[in-house]
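>>> 3D, please:
(3 chains)
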Amino acid sequence: MTHSTALRSIVRRTEVTWGLVAAAVAAVLPLIYPSTFLLNVGPQILVMGVFAMSLNLMLGYTGMVSFGHAAYFGMGAYTLGILMQKTAVGLAASLVLAVAGAALLALVIGFFCVRLGTIYFSMLTLAFAQIVYTVVIRATPLTGGDQGLIGGIPVPPVRLGPWTVALRSPLAFYELTLSLTVAAFLLAKVLVDSRWGLLLRAVRDNGDRVEFLGASARGLRLSAFVAAGGFAGLAGALMALYVGGAYPDFVYWTKSAEPIFMVLIGGMHTLLGPLVGAAVLVGLTAVITQYTSLWGLVLGAILVAFTLFLKVGLLDFGAERWRSRAAAAPGNPPVGGVARAREAK
Amino acid sequence: MALLDVRGLSKAFGAFQAVHHVSFAVEAGEFSALIGPNGAGKTTLFNLLTGHVPKTAGRVIFDGADITHRSPHDVVHLGIGRAFQRANVFPAMTVLDNVHAAVVAHERAHRDPLRAARRDAAGRARALEVLEWVHLEGAAELPAGSLSHGDQKLLDIALALALRPKLLLLDEPTAGMHPEERRATMALVKRLWRDLGMTVVFVEHDMDIVFTVADTIRVLHHGELVAEGPPAAISTNQLVIEAYLGEGVL
Amino acid sequence: MDLGAFAQCVSSTLCVVSQLTSALITGLILFLVASGLSLVFGVMGILNFAHGSLYMLGAYLSFSLLRLNFGVATVAAALGVAVIGLLLERVFIRHVYRAPLLYQLLLTYAFILVLDDVAKLIWGYDFVSMGVPDAFRRPPIFIGRAPVPAYYMFIIVVGVVVAVGLWLLLTRTRFGRIIRAAADNPTMVAALGVNVAAVSAGVFVLGSFLAGLGGVLAAPVRSIFPGMGFSILVESFIVVVIGGLGSVAGAFVGALLIGFVRAFGSVAFPALEEGLVFMLMAAVLLTRPRGVLGVGKEL
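Below is the predicted model of the structure:
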């Protein structure tokens, strides 16, 4: 764990740059290379990336392992789906309400969950998420029950100054998802680099000590829970737009497991790590399924190799390499406090 | 009026009386030691004072306010800082971020999640100042977990100092150090006490140190306060000698 | 909520006996699987996501071996799963004992993906149904006027016998004492000169055997399909949490509790069927976070 500090300071300066460069490449790519595969898989990667990034606000930055993050993803998806299918609320307002609804649900559930620590916290988040799942499949008039919100989500064309953009077009939807992902990434970056983010990391390292500094560790955990819920709601809402509906498996516990593995694969010490993890997991699955229906066999084997040989997330591994090269430069060893106190005597 | 007034404080864990009807008053500006054999209830007493453990009975008045039932983070804001027996820091964060976190928590500045911590020049300057007090400014950018044990103990004290405490509780500040380091660390603590105008209560097992630096000594034994007074009076106190002879320490 | 239906059921012997039997077979099969999970977690600190897949393999193996003979199939399938568990532990899992908990989860999750696909390769994508073995095609046993199928009685008897056997194993044998000591304090056991690798492998074999046996017993009364390990895995986690992490006695209480909640809860609260056990878990966690018996491990 001690490496993560130095690692983080390198990453801090470059993460935004790398993120924006990657986003620029991703934005231009379908214009010069208009592949159906890219336009299909791209939005999935981005949406799951935002979802995994939202989880990492808790997992990597606050040290809370949620097994029930799908509840907020699903809440975002269903809120947007219901609003756009059954009311006259517009797209932008629906997105905002989806985020707000997910954050509100996270506030209510989080209030109970943050009382517990470690695996007990994880299990309680799972329990609540499955209760939400039960509600979703039982509230048939509102949610469509087992079937989900079928029949598509009507997406009106969006006016951007002089242009009218039909979001039904895969390219337009891809670019919309990409811009919202970049916005979410930048906002999350501001949050984790703030003084609030500093205390979240303190909670991750040692929650009890934070109490003795005069801040409420439970309150900080809850605030991280709510923020993560809000971002997950955005991801869910985008997913609902992408697939044109909202389905119970958005809320099912397997949906909570996916972002955990994306964070582990991509790395938990950055915000881009989870996005990389999503790209790897979603991308690999999409590629493998083109060749064989036994994608689990191939993906499972890759994951086994990953866990046994790499043992840290991809970006954490890369940053570690970079750091050890930077650290090779000689410098004066700092003088410790106790030694100095002895000299001063 | 005393800075800290402890009245009839008790804590029972089931049938075990960890702290039993303890009363004493700490005067402002005091530099005092709390001693007692292992298991005497010293750490539990600190936990009670800082609100970490609920009290079975008794009251605690600090600086005129009743803090008996206040949460640990409230107690901190009223002015009680604490360092721990085992270095209690944030190992994966840099030394500077450790103290900066303390400054932020103290100023409740974490409620602004939109401004970058790096841009908080005042907070970081303050954190660096505190690090200079304990001679750790050279290690500011190192991960706290990579420091030596002794330096982590100093960082732990620095975290408490960043909260501008009126009363500083130190639980064995020199635990696990060489005798030479102990003396140096204690001298540093005493200098900080003088320079910063705090009140300090510390727990310590090294009796040479205790009787050299403390102005007042309180002795806990089996959860009860058995003696209180200046070093000269304590060293000849029959009850204290018995308490320690039973353990074969003094 | 449908309290009327519940009252009606409770007042009829037929309904009570049938729900009671259903509660017991659900609870006992769950106990077999969950006790293995709890042992592996308690002793080695590994939350094995693939534990449900071992249950699935038990069911499939029993399905394939049944053509030989029911007794042979039962024993051979459970032992086969134990051997698979041993292989997983020796080849893969022992390398991640020191890794963070989440990486252990990722590894064992990868096993689920692989084992599910292996099952698809060997037994196909569709549900297979095994039916009650010939030995149990006989008239039901009557309790009062209520019939209980012979195979159900068999599950109940085997479940209880294994529970007692497990209890004896853990309390009366040297292996059991070492396991319990290791669950309390793993470093201590290493210091005592016990071969930790052998203990780890032994516990994994035992845990896998129990999961496999659960699958074998469930095979004739449940549909068998790739992915069938998923739901029992989640329920096993709930049992382990309710019973207290690492406690086999707690797992027994927790598993039966879930069996009863499912059997009678589905009559009283049909609308909440899927959520009931999770509500139970949330209630236990919020009031008694160390499990109902209060003996769970602190993490």
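
>>> from the contact counts, what lies against the helix or strand encompassing residue C:261?
For residue C:261, the host element (DSSP states H and E) is helix C:248-268. For helix C:248-268, the packing partners by 3 or more Cβ pairs under 8 Å, 6 or more residues apart in numbering or on different chains; DSSP states H and E come out as helix C:3-10, helix C:13-44, helix C:150-172, helix C:229-243, helix C:273-287. Quick note: C-beta positions are derived from backbone N, CA and C, even for glycine.

>>> what about the helices in chain A?
Assigned by DSSP state H, chain A shows helices spanning A:3-32, A:36-62, A:70-86, A:91-113, A:118-138, A:140-143, A:170-192, A:195-211, A:217-243, A:253-266, A:272-291, A:295-305, A:314-326, A:337-344.

>>> ok, back up a step: tell me which of the helices and strands packed on helix C:248-268 is the most buried.
Ranked by mean neighbour count, these are led by helix C:229-243 with a mean of 25 (mean count of other Cβ atoms under 10 Å in any protein chain shown).

>>> how about that one and chain A, any contact?
Yes: against chain A, helix C:229-243 shows contacts by Cβ under 8 Å from any Cβ of the partner chain at C:230, C:234, C:237, C:238, C:241.

>>> just those now: which is nearest chain B?
residue C:241 (25.6 Å; Cβ to the nearest Cβ).

>>> for the closest one, which residues are in contact?
By Cβ atoms under 8 Å, 6 or more residues apart in numbering or on different chains, the contact set of residue C:241 is A:119, A:120, A:123, C:254, C:281, C:284, C:285, C:291, C:296.

>>> and the fourth one, what is it in contact with?
Read it as residue C:254. Neighbour list for residue C:254: C:34, C:238, C:239, C:240, C:241, C:242, C:243, C:291, C:292 [criterion: Cβ under 8 Å, 6+ apart].

>>> do the same with the first one
For residue A:119, the residues meeting the contact criterion (Cβ under 8 Å, 6+ apart) are A:65, C:47, C:101, C:241, C:245, C:299.

>>> following element in sequence after the lowest-mean-pLDDT helix or strand in chain C, please.
The weakest-scoring helix or strand in chain C, judged by mean pLDDT, DSSP states H and E, is helix C:186-191 (a mean of 68). Following helix C:186-191 in sequence order, the next helix or strand is helix C:196-218 (DSSP H and E).

>>> pull the distance from that next one to the chain's centre.
With Cα atoms, centre = their mean, to the nearest Å as the basis, helix C:196-218 stands 11 Å off its chain's centre.

>>> so which elements touch it?
helix C:13-44, helix C:51-65, helix C:70-91, helix C:150-172, helix C:174-184, helix C:186-191.

>>> hmm, 6 Å instead?
Judged by 3 or more Cβ pairs under 6 Å, 6 or more residues apart in numbering or on different chains; DSSP states H and E, the packing partners of helix C:196-218 are helix C:13-44, helix C:51-65, helix C:70-91.

>>> coming back round to it: can I have the buried ones of the contacts of residue A:119 as a ChimeraX selection?
Filtering these down to the buried ones (16 or more other Cβ atoms under 10 Å in any protein chain shown) takes a single ChimeraX command:
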select /A:65 /C:47,101,241,245
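
>>> surely residue C:147 is in a strand?
Yes: under DSSP: H, G, I helix; E, B strand; the rest coil, residue C:147 falls within a strand.

>>> wouldn't it be in contact with residue C:140 here?
Yes: Residue C:147 lies in contact with residue C:140 (Cβ atoms under 6 Å); the separation is 3.6 Å.

>>> and the residue nearest the centre of chain C, how far is that from residue B:166?
With distances taken as Cα atoms, centre = their mean, residue C:33 lies nearest the centre of chain C, 1.4 Å away. Using Cβ to Cβ, to the nearest Å, we find residue C:33 at a distance of 58 Å from residue B:166.

>>> picking up where we left off before, the residue lying closest to the residue nearest to the centre of chain C once chain neighbours are set aside: neighbouring residues, count only.
Spatially, and ignoring its direct neighbours in sequence, residue C:33 is nearest to residue C:214 (4.2 Å; Cβ to Cβ, 6 or more residues apart in numbering or on different chains). Taking other Cβ atoms under 10 Å in any protein chain shown as the criterion, the count of residues near residue C:214 is 32.
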